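Participant: Generate a structure from the sequence data that follows.
(one chain, ligands or ions: 1)
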Amino acid sequence: MLRLEHLRKTLASFTLEVPLLEVGDGEILGLLGPSGSGKTTLLRLIAGLEPPDSPPPRMLLDGVDLTPLPPERRGIGMVFQDYALFPHLNVRDNLAFGLREARWEPTRLQKRVDELLELTRLGPQAHKRPEALSGGERQRVALARALANLPGVLLLDEPLGALDRELREGLWLELRGLLRRAGVLTLVVTHDQPEAFALADRVALLRAGRVVQIDTPERLYNHPKDSWAAAFLGHKNLLSPEQSRLLGLSERPHLLPNRALHLGAGEPATVRERLFLGARTVLSLEWRGFSLYWEGDESQAQPGQTVSLRVELQQAVALEAGPIPGVGRG
Ligand SMILES: Nc1ncnc2c1ncn2[C@@H]1O[C@H](COP(=O)(O)OP(=O)(O)OP(=O)(O)O)[C@@H](O)[C@H]1O
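Facilitator: Numbering: from 1, shown residues only. Predicted coordinates:
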């Protein structure tokens with residue numbers, strides 16, 4: 001288990017402050033937050049690439065404090081966005097490199113490389129150099145190399161960031177499966193909400209150097225803490241305290257999740273805009289003077305038409321006050 005206590009780092013006007021963070025054995029924790037929220041700084045502190053502020057924190061890995069140890073003695077594997085593979089070495093030698101440096105005995109080393117090729121299903125590519133690999137294959141080599149020396153913790157910084165959107169989505173299943181098979185406690189940084197949800201067992205949401213909420217993807221999405229978290233996680237229908245009151249809810253911010261909105265058998269709503277996104281259709285609706293977004297499998301409703309909308313207000317989720325205003329009125 002990894003347990004961080006009283007971790008603090010100031011960089012110019014930015015401060016990262018993590019009073020307590022625990023990650024379980026074999027757990028994949030996603031670090032999700034906007035640009036500049038401190039995700040990379042947190043990884044760098046754990047890896048020992050950045051010194052923490054004093055008084056020194058405690059960073060316990062299975063009870064051993066990593067804080068005084070240099071990076072190479074922390075038992076941490078890292079994958080950066082650019083993968084940093086050795087271009088002149090084939091896949092097998094890229095994987096063997098660190099093990100040779102660590103003076104692994106040759107038979108044990110070859111066995112470990114074979115295991116890694118099997119784990120990452122890179123056997124057929126073993127004799128190719130990085131230039132002859134696809135983006136996804138390079139990413140797997142980088143991951144295999146980070147796992148080579150049996151690290152206690154794996155740190156992934158935007159591991160799919162070098163790949164384009166469609167390829168990234170295709171690799172979520174593969175990467176998730178690979179991490180599961182590897183069974184190593186992993187922290188994975190991403191600024192992409194679906195990616196964090198797809199890869200992680202739990203997600204820590206960072207804002208301005210603080211972990212504002214940490215939970216399973218489902219609970220985080222269904223019960224964001226405040227309006228900021230709800231908006232960052234992709235929710236569109238946020239009500240201000242005043243709007244909540246007008247709808248008969250308590251006078252605090254609320255989230256109307258998509259499951260609360262049903263087309264058919266309700267009150268009239270005017271379609272302002274319709275977006276067809278392939279698997280989903282999005283409608284921007286005006287209902288009782290509120291702007292609401294509906295999202296579903298299909299709707300043929302066109303801008304200017306009136307549809308019937310049923311809003312289940314009992315599904316509204318109460319939020320703490322946050323900086324994002326509610327949905328537009330009028
Ligand atoms: N060496 C440094 N000196 C001064 N400020 C720094 C330094 N490194 C990072 N920062 C600042 O610390 C803050 C957090 O940076 P960090 O890279 O951890 O954020 P991030 O969440 O990983 O962002 P991104 O998603 O853009 O990579 C930013 O405001 C950044 O400008």
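Participant: in the stretch 101-250 of the chain, what residue is nearest the ligand?
Facilitator: Closest to the ligand within the stretch 101-250 of the chain is His191: 4.6 Å, counting by CB to the nearest ligand atom. Every residue, glycine included, has its C-beta placed from N, CA and C.
Participant: what about that residue, how many neighbours?
Facilitator: Using other CB atoms under 10 Å, the number of residues around His191 comes to 18.
Participant: Next, the buried residues of the host helix or strand of Val203.
Facilitator: Assigned by DSSP states H and E, Val203 belongs to strand 202-207. By neighbour count with 16 or more other CB atoms under 10 Å, strand 202-207 contains the buried residues 202-207.
Participant: Which residues of the protein lie near the ligand?
Facilitator: Residues of the chain lying close to the ligand by CB under 6 Å from any ligand atom are 11-12, 14, 33, 35-41, 191.
Participant: What's the ChimeraX line that selects buried ones from those residues?
Facilitator: Remark: buried members of the residues of the chain next to the ligand, expressed as a ChimeraX selection using 16+ other CB under 10 Å:
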select :33,37,38,39,40,41,191
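Participant: related to what we said a few turns ago, so which of the buried residues of strand 202-207 is the closest to Ala196?
Facilitator: Among the buried residues of strand 202-207, Val203 lies closest to Ala196 (CB to CB), at 4.9 Å.
Participant: How about the residue nearest to that closest one when sequence neighbours are not counted: which residues does it bridge to?
Facilitator: In space, not counting the residues next to it along the chain, Val203 is nearest to Gly30; the distance is 4.1 Å by CB to CB, 6 or more residues apart in numbering. Counting by DSSP bridges, Gly30 is bridged to Val188, Val203.
Participant: what number of residues lie near Gly30?
Facilitator: As a measure of burial, Gly30 has 28 neighbours, counting by other CB under 10 Å.
Participant: Let me see the contact set for it.
Facilitator: Contacts for Gly30 (CB atoms under 8 Å, 6 or more residues apart in numbering) come out as 188-190, 195-197, 199-200, 202-204, 217.
Participant: What is the nearest of those to Leu173?
Facilitator: The closest of the contacts of Gly30, once distances to Leu173 are taken by CB to CB, is Leu199, at 9.9 Å.
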